[in-house]
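1. Structure, please.
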Amino acid sequence: MRLLIINPNSTAAMTESIADAARAVARSATQIIAKNPPDGPPAIQGREDGEASLPGLFALHAQETAAGHVDAAIIACFDDTGLWELKRDAPHPVIGIGEAGYHAAALSGRRFSVVTTLSVSVPILEENIATCGFAERCAKVRASEVPVLEFETNKEAATQRLSDEIARAVAEDGCDSVVLGCAGMADLAANLTDRFNLPVIDGVAAAVGFAEMLGKGKS
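-> Below you'll find the predicted structure:
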């Protein structure tokens, strides 16, 4: 199975981290192809960055689809940038890591909270959660106020601030699980699950599992 993962921002180091997280959970027969546009926003932080990333995202998806058989595609931005347009037009399943995270959380318990990067992303995520039908299952969308790229450049401090916000979610929200609201957090989920003794869900891993299931009949 060929699984295309597109990071809509232009930061290659983040794409490599996402690819590593995906390969860690993918089946041995799944080929992970991880790409990002050569230009555009270096991080997607808010609606304006998301809109600016769309031309590169759509062009890259079209190019990779035309170049070879793709069984399924993952959009590796928690804002699910361009997701519904690609779902409508693609000849294969397309899954967003936000969408996948919400579905995985709904299977893990009655209510979940989301801990993302900056406050500017909160309204977008709340809209997406409602669109996916999970508004009543989501206790709260929280911002750790850590810029996206700090998970690449200052990981220890970023992880501590993320952990502090997860601790507040666990203490205050009555949630059964927490969804990590950024692809740059993907490699933290296992340790945070152990630390807080509840499912801390990485949307990249969740999306890989769903993509392998949905793309199975296409390969």
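2. From now on I want contacts and neighbour counts done on CA atoms only, so please keep to that.
-> OK.
3. Point to the helix or strand of this protein where mean pLDDT is at its lowest.
-> helix 150-153 (a mean of 91; mean pLDDT, DSSP states H and E).
4. For the chain, which residue occupies the most central location?
-> Nearest residue to the geometric centre of the chain (CA atoms, centre = their mean): Ile97, 3.1 Å.
5. shouldn't that residue be in contact with Ala76?
-> Yes: counting by CA atoms under 8 Å, Ile97 touches Ala76, with 5.7 Å between them.
6. shared neighbours, these two?
-> 183, 204 (CA atoms under 8 Å, 6 or more residues apart in numbering).
7. burial of Pro59, as a residue count?
-> To be clear, residue 59 is Ala; Pro isn't right here. 12 (other CA atoms under 10 Å).
8. hang on, Pro8 in a helix?
-> No: assessed with DSSP: H, G, I helix; E, B strand; the rest coil, Pro8 is coil; it does not lie in a helix.
9. neighbours around it, how many?
-> By the criterion of other CA under 10 Å, Pro8 has 33 neighbours.
10. Look up how far Glu64 lies from it.
-> Using CA to CA, to the nearest Å, Pro8 is found at 14 Å from Glu64.
11. Domain parsing of the protein, as residue ranges.
-> For the chain, the structural domains run 2-96+206-218, 98-202, going by automatic domain parsing.
12. now the first one: mean pLDDT?
-> The reference is to domain 2-96+206-218. Averaged across domain 2-96+206-218, the pLDDT comes to 94.
13. Tell me which stretches of the chain form helices.
-> All helices of the chain, identified by DSSP state H, fall at 12-25, 47-67, 83-89, 97-108, 122-131, 150-153, 155-172, 189-196, 203-214.
14. Give the other helices and strands that the second one contacts.
-> It refers to helix 47-67. Helix 47-67 sits against strand 2-6, with contacts defined as 3 or more CA pairs under 8 Å, 6 or more residues apart in numbering; DSSP states H and E.
15. what about the strand it packs on, distance to the chain center?
-> 13 Å (CA atoms, centre = their mean, to the nearest Å).
16. partners of it in the sheet?
-> Partners of strand 2-6 in the sheet, by DSSP bridges, are strand 31-35 (parallel), strand 72-75 (parallel).
17. Surely Val25 is in contact with Phe210?
-> No: look at Val25 against Phe210 with CA under 8 Å: they stay out of range, at 11.6 Å.
18. the more surrounded of these two?
-> Phe210 (19 against 14).
19. Identify the residues contacting the nearest residue to the residue nearest to the centre of the chain once chain neighbours are set aside.
-> Distance criterion CA to CA, 6 or more residues apart in numbering; nearest residue to Ile97, sequence neighbours excluded, is Gly203 at 4.4 Å. The contact partners of Gly203, by CA under 8 Å, 6+ apart, come to 78, 97-101, 179-183, 186.
20. Quick check: the gap between Gly203 and Pro38.
-> Taking CA to CA, one finds Gly203 at 24 Å from Pro38.
21. returning to what we had before: so which of the contacts of Gly203 is the most crowded?
-> In terms of neighbour count, Gly98 stands highest of the contacts of Gly203 at 32 neighbours, by other CA under 10 Å.
22. That one and Val120, how far apart?
-> Distance from Gly98 to Val120, by CA to CA: 16 Å.
23. cool, and Arg142?
-> From Arg142 to Val120 the distance is 11 Å (CA to CA).
24. Tell me which of these two has more neighbours.
-> Applying other CA under 10 Å to Arg142 and Val120 shows that Arg142 carries more neighbours, namely 21 against 14.
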